[in-house]
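Student: Give me a 3D structure for the following:
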Amino acid sequence: MKIGIVLAHEHRLLSVAAINDLFETVNGFYIEEGKDPFFEIDFLHHGEKNSFIYSDYNLREANSETFYDVILIPAFKNNKIIEGLQKNQPWIPWLVQQYNQGAALASFCTGAFLLASTGLLNNKPATTHINAKMAFLNAFPNVLLESDAVVTEEDNLYTSGGATNTFHLLMRLVENYCSRKIAVRTAKVFSIDMDRKTQTYFGTFLPVENHGDEIVKKTQEKIKSNYKEANTIEEIIVDIPSSRRNLVRRFKQVTGITPIEYLQKTRIEAAKQLLEHSKQNVMEVMLESGYNDLKSFRTLFKKNVGMTPTAYREKFSA
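Tutor: This is a model prediction of the structure:
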């Protein structure tokens, strides 16, 4: 199979290295059995070569004459997503052309932003880094974002969640194109737990604050400073110079969620920090983060995080 790894502007070197290392490992299995390597791997660039780092590899300029079976889009550097999209516009028609000729397209982590820019993900499921959820939703409202998913697959379009979820998508590709046996053998080499189903518990609530709406920003600040004591959102917005209806509309427009959802996420994030760094028991954590009913707290925590407070502490506490 002919594989192309896209060396987009502002790509993460670690993402590219992980992809190449895993497929080279799979090729090694075939060579050990006296067979030809299963994957032919090309590193693809547009115009000038991205970096001398790839000079020892099969470096090729993307063109319409070469057909690939699978094209892989690595993650972008942190805080370089939008800048990366602007610089990578020439990739979009080429990716669409390759897909229309039968190639599968797979994005890793924030590489989903470039894949979504093609329009091919419209009305199809996708995932990306859990902390890039709101940016992705705002940029691509027609994509069916499954933010807690580790991997999505439909119509030869694949996406994966953040960071180490890259390996779960790579396992899916190896299993689909090679075999389950090869995938399991590869997973053992890279110490990958193949049964991961969600990435929700890796997320951190990082609300957008540089949106330019002063009324919304003031509401965010009041929620942040009063989330423990306030029982209703009305108590928080009592002195905000805006009607409730107008405020909720503006708030959701710039943050992607309602004020009450924002309050819940702020409280859950506070609870997560206490579970990670304090010795308070779950009841104390509940009260400290603004809740007063243990059953409701456990339900809301599991809904937002993907596991119970006790399980979260066991996983992340020092």
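Student: Going by C-alpha atoms from here, please, whenever you check contacts or count neighbours.
Tutor: Noted.
Student: Show me what the helix or strand hosting residue 173 packs onto, helices and strands only.
Tutor: Residue 173 is located in helix 165-177, with elements delineated by DSSP states H and E. Here helix 165-177 touches helix 13-32, strand 151-154, strand 157-160, helix 180-190, going by 3 or more C-alpha pairs under 8 Å, 6 or more residues apart in numbering; DSSP states H and E.
Student: among those, which is the most enclosed?
Tutor: Comparing the helices and strands packed on helix 165-177 on average neighbours per residue, with mean count of other C-alpha atoms under 10 Å, the densest one is strand 157-160 at a mean of 26.
Student: Give me the mean pLDDT for it.
Tutor: For strand 157-160, mean pLDDT rounds to 97.
Student: those strands in the stretch 1-150 of the chain, which residues are they?
Tutor: Taking DSSP state E, counting those that start in this stretch, the strands of the stretch 1-150 of the chain run over residues 2-6, 40-45, 59-61, 70-73, 104-107, 125-126, 144-145.
Student: sorry, back to before: dump the helices and strands packed on helix 165-177 into CSV; add distance to residue 316 as well.
Tutor: Shown next, in CSV, are the helices and strands packed on helix 165-177 (distance: least, C-alpha to C-alpha, whole Å):
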stretch, distance to residue 316
helix 13-32, 24
strand 151-154, 23
strand 157-160, 23
helix 180-190, 22
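Student: could you pull out the helices for the stretch 201-318 of the chain?
Tutor: Secondary structure of the stretch 201-318 of the chain (DSSP state H, counting those that start in this stretch): helices at 214-226, 233-236, 244-255, 259-277, 282-288, 294-305, 309-316.
Student: can you tell me which of the ones you listed comes nearest to residue 38?
Tutor: When the helices of the stretch 201-318 of the chain are compared for distance to residue 38 using C-alpha to C-alpha, the nearest one is helix 309-316, at 37.6 Å.
Student: got a list of contacts for that closest one?
Tutor: The contact list for helix 309-316, computed with C-alpha atoms under 8 Å, 6 or more residues apart in numbering, reads 201, 272, 275, 276, 282, 298, 301, 302.
Student: swap in stretch 96-111?
Tutor: The contact list for stretch 96-111 (C-alpha under 8 Å, 6+ apart) reads 15, 64, 67-76, 81, 95, 115, 118, 120, 127-129, 132, 156-163, 165-166, 169.
Student: Can you say which of these are buried?
Tutor: Neighbour counting with 16 or more other C-alpha atoms under 10 Å marks 15, 67-76, 81, 95, 115, 118, 120, 127-129, 132, 157-163, 165-166, 169 as buried within these.
Student: ok, back up a step: now the helix holding residue 173 against helix 13-32, angle please.
Tutor: Between helix 165-177 and helix 13-32, the angle comes out at 30 degrees (axes from the mean of the first three to the mean of the last three C-alpha atoms, to 10 degrees).
Student: Give the full set of residues in contact with residue 254.
Tutor: Under the criterion of C-alpha under 8 Å, 6+ apart, the contact partners of residue 254 comprise 208, 211, 213.
Student: Using JSON lines, please lay out the residues you listed together with distance to residue 55 and pLDDT.
Tutor: Formatted as JSON lines, the contacts of residue 254 follow (distance: C-alpha to C-alpha, whole Å; pLDDT from 0 to 100):
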{"residue": "208", "distance to residue 55": "40", "pLDDT": "78"}
{"residue": "211", "distance to residue 55": "42", "pLDDT": "86"}
{"residue": "213", "distance to residue 55": "47", "pLDDT": "90"}
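Student: Pick out the residue nearest the middle of this protein.
Tutor: Averaging the C-alpha coordinates of the chain gives a centre point, and the residue nearest to it by C-alpha atoms, centre = their mean is residue 129 (1.6 Å).
Student: Which of the three states applies to the closest residue to it other than its chain neighbours?
Tutor: Using C-alpha to C-alpha, 6 or more residues apart in numbering and skipping residues adjacent in sequence, the residue nearest residue 129 is residue 162, 3.9 Å away. At residue 162, secondary structure determined by DSSP: H, G, I helix; E, B strand; the rest coil is coil.
Student: measure residue 162 to residue 141 for me?
Tutor: For residue 162, the distance to residue 141 (C-alpha to C-alpha, to the nearest Å) stands at 20 Å.
Student: can you check residue 30 too?
Tutor: Between residue 30 and residue 141 the computed distance is 42 Å (C-alpha to C-alpha).
Student: In the lowest-mean-pLDDT helix or strand in the chain, which of the residues would be classed as buried?
Tutor: Counting by mean pLDDT, DSSP states H and E, the weakest-scoring helix or strand in the chain turns out to be helix 233-236, with a mean of 81. Residues 233, 236 are the ones in helix 233-236 that count as buried (16+ other C-alpha under 10 Å).
Student: Great, nothing more from me.
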